[in-house]
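**Q** Sequence plus the predicted model coming up.
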Amino acid sequence: MADGPSYAYHDHRIHWMALTEPPAVAADPGAEQLVNAWTVPFTVGSETYELAGELVWIPGPSPWPWLLAALLVVSAPVAWGLRRTRPDRDAVTWRGLSTPAGVTLLVLALANGIHLVDDLFATPIPLAESAVSAVQTLLFIAIAAFGAIRAIQGGEGAFTALGVGSGAVFIGQGLLYAAVLSASQTASVFPGWLTRAVIAASLA
């Protein structure tokens with residue numbers, strides 16, 4: 001019951017409850033199709049009404065165009081750095097490579113701030129649960145940013161820091177969100193294309 005003109009709650013009748021996909025979806029996952037129609041009766045004062053809707057399966061996009069495009073974008077500054085590096089003169093630090101690679105990683109770490117915002121605002125879950133996800137995301141971003149800055153500075157340990165920072169982005173911001181690339185919807189306050197682009201770049 002509610003005293004005001006609106007009432008929000010979670011109704012299991014309007015979404016698929018089984019752990020397995022609906023039979024029709026499992027048989028043809030690439031086709032948009034009706035899973036089931038649902039109705040929810042409700043009463044306002046002495047009047048009874050009925051809310052009706054449909055649960056529709058919408059297939060997601062292929063992840064490969066996102067991944068291939070991201071790989072090209074992320075590889076470009078690394079390739080440029082390789083062209084500028086003289087192994088015979090810079091055999092220890094290879095700063096010509098570590099600096100552009102570090103800049104790329106830093107930009108990517110900052111771009112993953114969208115996950116931090118989404119952890120806090122994209123879904124209506126309790127603040128305590130949102131805070132745990134946000135702290136985890138912030139930790140991965142911080143590791144990546146630290147590795148990026150050390151790589152930009154060059155010197156001994158630059159590539160070790162770059163590897164650790166890249167690993168943090170790959171695992172914490174790429175693998176954990178990889179399913180979004182093939183999902184038809186994104187639980188994000190940002191446009192779906194931006195969320196997918198950042199995840200694909202994190203994997204790349």
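**A** Cool, the structure landed.
**Q** Let me see the ranges of the strands in the chain.
**A** Using DSSP state E, the strands of the chain run over residues 33-44, 47-57.
**Q** Residue 158: which of those strands is closest?
**A** The closest of the strands of the chain to residue 158 is strand 47-57. By C-beta to C-beta, the value is 48.1 Å. For the C-beta atoms, the positions are set from N, CA and C on the backbone; glycine is no exception.
**Q** Could you check the angle the closest one makes with strand 33-44?
**A** 160 degrees (axes from the mean of the first three to the mean of the last three C-alpha atoms, to 10 degrees).
**Q** report the longest helix in this protein, please.
**A** Identified as the longest helix of the chain according to DSSP state H is helix 127-153.
**Q** Now do the helices in this protein.
**A** Using DSSP H, helices in the chain cover 23-27, 64-84, 95-111, 113-121, 127-153, 158-168, 192-203.
**Q** Let's have those helices in CSV, adding distance to residue 52, mean pLDDT and mean neighbour count.
**A** Formatted as CSV, the helices of the chain follow (distance: least, C-beta to C-beta, whole Å; pLDDT from 0 to 100; neighbours: other C-beta atoms under 10 Å):
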stretch, distance to residue 52, mean pLDDT, mean neighbour count
helix 23-27, 20, 90, 12
helix 64-84, 36, 91, 15
helix 95-111, 41, 91, 21
helix 113-121, 30, 90, 18
helix 127-153, 32, 91, 17
helix 158-168, 47, 94, 20
helix 192-203, 27, 96, 21
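**Q** quick one, which of those helices is nearest to residue 49?
**A** Across these, closest to residue 49 is helix 23-27 (C-beta to C-beta), at 30.0 Å.
**Q** Restricting to C-alpha, output that closest one in CSV.
**A** Provided in CSV are the C-alpha atoms of helix 23-27 (Å, rounded to 0.1, in the frame of the first residue of the first chain):
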residue,chain,number,x,y,z
PRO,A,23,13.2,-22.1,-24.7
ALA,A,24,12.4,-19.9,-27.7
VAL,A,25,15.4,-17.7,-27.0
ALA,A,26,17.7,-20.6,-26.6
ALA,A,27,16.5,-22.0,-29.9
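**Q** distance between it and the chain's centre?
**A** 27 Å (C-alpha atoms, centre = their mean, to the nearest Å).
**Q** ditto for stretch 18-38
**A** For stretch 18-38, the distance to the chain centre is 24 Å (C-alpha atoms, centre = their mean).
**Q** who's in contact with stretch 161-172?
**A** Residues from elsewhere that reach stretch 161-172 (C-beta atoms under 8 Å, 6 or more residues apart in numbering): 98, 101-102, 105, 108-109, 112, 136-137, 139-141, 143-148, 150-151, 202-203.
**Q** looking at the helices of the chain, which is closest to residue 51?
**A** Going by C-beta to C-beta, the one of the helices of the chain nearest residue 51 is helix 23-27, 24.0 Å.
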